[in-house]
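Engineer: Using only what follows, build the 3D model:
(chains A and B)
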Amino acid sequence: MAGLAAPESIVVPDKNLENAGISVVVDEVVQVDTAQKQVRTAGGKTFPYDKLFLATGSRAFIPPIEGSSLNGVFALRGLPDAVNIKAFLAEQSPRNIVLVGAGFISMEVASLLVAQNPGVYNVTVVEFLDRPLPLMLDADMAGPVREYLESKGIRLLTGRAVEKIVESDGRASGVQLKDGEEIPADMVFINVGVRPNVELAEAMGLEMGKLGIKVNEYQETSDPDILAGGDCVEKMNFITGKPDAGRLRGPAVMQGRLAAKRLAGYDIKFPGVVNAGGCQMFDMVVASTGLTEEAAAREGFETVCAAVDSRSKHGMIPGVTPWRIKLVFDKKTQKLIGGQIVSHAIAPAREIDAVTAFILGGKTIPELTTFTSACNPDISSEPSMEPITIAAEQALDKLR
Amino acid sequence: MQKGDRLIVVGCSGAGGPAAMRAKKLMPEVDVTVIRKEKEFIVR
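Structural biologist: Below you'll find the model as predicted:
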């Protein structure tokens, strides 16, 4: 979407697979005969298998609102979507653009549109919940994000629901909200999540969960010769132990590799997902992992939280920028269960990976008070301002 | 899996591609085939 990468550079190149000795067939699998252990494609070909791995992915979810199929309404999921969107922008020259949903895809697209075309588009984001990036950030962390995006010219309408997309001459001309307000829109993006592609698995008779194909910790389905991974499977949340969609690229890649290792005889279990993710809007980077304070409360955790401001470099180094981290701990076990970062530089946002590692390692408040990061004036805050340590100390103080 | 066995991977984005590549690396004697309907598939 940003035009920073050529289309061929953001797809899995067939050459990579073929050079490794893997056969690539571009065709759609329409049937799997699990008794005969063979797959049949739309092109009429049949392929026998000893083991099968399903990675059928997911598709954008378009809610059943009136007008969602009009010309000028888009979802961004794959490369063809990005190509269509860029063509529409170039050929139709829309001026009023509305994005439905304030998740990371919407926010990145909104900021790209404004950053690359200053003064050209009127960009409005409509979100049903009360803040931008509501699954990533608590309200206290999302507040500064809202202020920043609004200062850049993005109109954010939160706590508002879409009634319908208004039609004029067969194409989108506006978005009507349930409270009656109508926002002019000659282009509409709907980015409100995805749904797993499980029709093939259902037809095969595989056991299904509520959120996708049921698999065990080894990616094995209810059929001993069939494994599955990625967006099409139901995952387990590492923290809650409950089913989780976890439809992010990171777990998909790891589940694919894990399934291969299982087939090769390894005994390695998938630990569950923590839903670590990030996005960039202008020069602001947001990253999160685990549970927000709000989500933790919803899951029944009593939490202890701390938010700390830090610096991207030592204070005397030119170019220092502020960043903020919030950590969420389970009060009962004192274990770290979530983290959020809002930064004006990319490097500090990578600290979210340390937070993820601490969650997976079961680290507690006392243990994190002794955490020391690699220290260099150009790449990190001063040790005295290491925010994970300070946040843990603040949480420790709250427990006294 | 054993020498000469056939592994079919359906789909080739986040999970399918890595599964196929890792499987072939760990089990070069296994016949690995990827079948995907998309002409190309975006990787984010």
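Engineer: Check the gap between the residue nearest the centre of chain B and residue A:55 for me.
Structural biologist: In chain B, the C-alpha nearest the mean C-alpha coordinate belongs to residue B:20, at 2.4 Å (Cα atoms, centre = their mean). Residue B:20 sits 9 Å away from residue A:55, going by Cβ to Cβ, to the nearest Å. For glycine as for every other residue, the C-beta is placed from the backbone atoms N, C-alpha and C.
Engineer: what touches both of the two?
Structural biologist: The overlap between the contact sets of residue B:20 and residue A:55 (Cβ atoms under 8 Å, 6 or more residues apart in numbering or on different chains) consists of A:256, B:9, B:12.
Engineer: By pLDDT, rank the residues you listed and give me the bottom one.
Structural biologist: Minimum pLDDT for the shared contacts of residue B:20 and residue A:55 is recorded at residue B:12 (83).
Engineer: residue ranges for the helices of the stretch 51-200 of chain A, please.
Structural biologist: With DSSP state H, counting those that start in this stretch as the definition, the stretch 51-200 of chain A shows helices at residue ranges A:79-92, A:104-116, A:139-151, A:199-204.
Engineer: Now do the buried residues in the first one.
Structural biologist: Residues of helix A:79-92 classed as buried under the neighbour-count rule (16 or more other Cβ atoms under 10 Å in any protein chain shown) are A:79, A:81-82, A:85, A:88-89.
Engineer: State whether residue A:309 is indeed within a strand.
Structural biologist: Yes - per DSSP: H, G, I helix; E, B strand; the rest coil, residue A:309 lies within a strand segment.
Engineer: Surely it is in contact with residue A:341?
Structural biologist: No - with contact defined as Cβ atoms under 8 Å, residue A:309 does not reach residue A:341; the gap is 11.4 Å.
Engineer: what is in contact with the two at once?
Structural biologist: Here residue A:309 and residue A:341 have A:323-324 as joint contacts, going by Cβ under 8 Å, 6+ apart.
Engineer: Those two - which one has more neighbours?
Structural biologist: Higher neighbour count among residue A:309 and residue A:341: residue A:341, with 26 against 13, using other Cβ atoms under 10 Å in any protein chain shown.
Engineer: Poorly predicted segments of chain A, please.
Structural biologist: For chain A, applying pLDDT under 70 flags the ranges A:1-12.
Engineer: Name the next helix or strand downstream of the one helix or strand the residue nearest to the centre of chain B maps to, please.
Structural biologist: Element membership of residue B:20, judged by DSSP states H and E, is helix B:16-26. Past helix B:16-26, heading to the C-terminal end, the next element that is a helix or strand (DSSP H and E) is strand B:31-36.
Engineer: Need the CA coordinates for that following strand. CSV is fine.
Structural biologist: Once side chains and other backbone atoms are set aside, the C-alpha atoms of strand B:31-36 remain, and they are given as CSV (Å, rounded to 0.1, in the frame of the first residue of the first chain):
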residue,chain,number,x,y,z
ASP,B,31,8.3,-35.7,-1.7
VAL,B,32,6.9,-32.3,-0.8
THR,B,33,4.2,-30.6,-3.0
VAL,B,34,2.5,-27.2,-2.3
ILE,B,35,-0.9,-26.7,-3.8
ARG,B,36,-2.3,-23.2,-3.6
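Engineer: what packs against it?
Structural biologist: Helices and strands touching strand B:31-36, by 3 or more Cβ pairs under 8 Å, 6 or more residues apart in numbering or on different chains; DSSP states H and E, are strand A:23-26, strand B:6-10, helix B:16-26.
Engineer: List the strands paired with that strand, with their directions.
Structural biologist: Taking DSSP bridges as the criterion, strand B:31-36 pairs within the sheet with strand A:23-26 (parallel), strand B:6-10 (parallel).
Engineer: residues in contact with it?
Structural biologist: For strand B:31-36, with Cβ under 8 Å, 6+ apart as the criterion, the contacting residues are A:17, A:21-27, A:29, A:39, A:41, A:47, B:4-13, B:16-17, B:20, B:23-24.
Engineer: can you give me the angle that strand makes with helix B:16-26?
Structural biologist: Calculated by axes from the mean of the first three to the mean of the last three Cα atoms, to 10 degrees, strand B:31-36 forms an angle of 170 degrees with helix B:16-26.
Engineer: So which residues on chain B come close to chain A?
Structural biologist: Within chain B, the residues that sit near chain A (Cβ under 8 Å from any Cβ of the partner chain) are B:1, B:5-28, B:30-44.
Engineer: want to throw the helices of the stretch 51-200 of chain A into a markdown table with distance to residue A:379?
Structural biologist: Formatted as a markdown table, the entries for these read as follows, by distance: least, Cβ to Cβ, whole Å:
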| stretch | distance to residue A:379 |
| --- | --- |
| helix A:79-92 | 33 |
| helix A:104-116 | 25 |
| helix A:139-151 | 23 |
| helix A:199-204 | 46 |
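Engineer: Quick one: closest of the helices and strands packed on strand B:31-36 to residue A:250.
Structural biologist: For the helices and strands packed on strand B:31-36, distance to residue A:250 was read as Cβ to Cβ. The smallest value, 11.1 Å, belongs to helix B:16-26.
Engineer: outside of the closest one, which residues touch it?
Structural biologist: A:12, A:16-17, A:20-22, A:53, A:55, A:229-230, A:253-254, A:256-257, A:259-261, A:263-264, B:7, B:9-10, B:12, B:30, B:32, B:34, B:36.
Engineer: Try it again at 7 Å.
Structural biologist: Helix B:16-26 is touched from outside by A:12, A:17, A:20-22, A:53, A:55, A:229, A:253, A:256-257, A:259-261, A:263-264, B:7, B:9, B:30, B:32, B:34, B:36, with contacts defined as Cβ atoms under 7 Å, 6 or more residues apart in numbering or on different chains.
Engineer: since we're on residue 26, how many residues are nearby?
Structural biologist: Because you didn't say which chain, this covers chain A. Using other Cβ under 10 Å, the number of residues around residue A:26 comes to 15.
Engineer: that's the other chain; I wanted chain B
Structural biologist: When neighbours are counted by other Cβ under 10 Å, residue B:26 registers 16.
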